[in-house]
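S.K.: can't give you the sequence, but here's the structure:
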């Protein structure tokens, strides 16, 4: 039996979105795992009308698991995903050990991420 309140899971990870031109800015803060990935999945919907790129502000991410990484990679199949802000050490390590760092462009902030060229598509 899981004693975790599902509302606590949602509070651990916060997702905010806004649109700037053809980019959907997704601000992630806190922890993201299989218990609270629904908000990220909704924010990263590749079918979102008029969106041609996702900019993920990851500066305040404290933890991310394979569920959240999978959502990011799935969106990247159809739209460039650029990671903005200093990439936290734990996230950078996950990207490195999985090889996913090759799939994402990075930029120091959201403004630079909106203009960053997408990384080359992997074969």
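M.R.: That came through, no problem. No experiment lies behind these values; they were computed from the predicted model shown.
S.K.: Verify the contact between residue 21 and residue 111 for me.
M.R.: No - counting by CB atoms under 8 Å, residue 111 is not a contact partner of residue 21; they are 11.8 Å apart. Backbone N, C-alpha and C define where each C-beta goes, glycine included.
S.K.: And the next helix or strand past the helix-or-strand element of the chain with minimal mean pLDDT?
M.R.: Ranked by mean pLDDT, DSSP states H and E, the helix or strand of the chain with the weakest confidence is helix 6-12, at a mean of 56. Moving toward the C-terminus from helix 6-12, the first helix or strand encountered (DSSP states H and E) is strand 13-20.
S.K.: just so I have it, where are all the strands in the protein?
M.R.: 13-20, 23-32, 53-64, 81-84, 105-107 (DSSP state E).
S.K.: Would you convert those strands into CSV that also reports mean neighbour count and mean pLDDT?
M.R.: CSV is the format used below for those (neighbours: other CB atoms under 10 Å; pLDDT from 0 to 100):
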stretch, mean neighbour count, mean pLDDT
strand 13-20, 15, 95
strand 23-32, 21, 96
strand 53-64, 21, 96
strand 81-84, 24, 96
strand 105-107, 18, 93
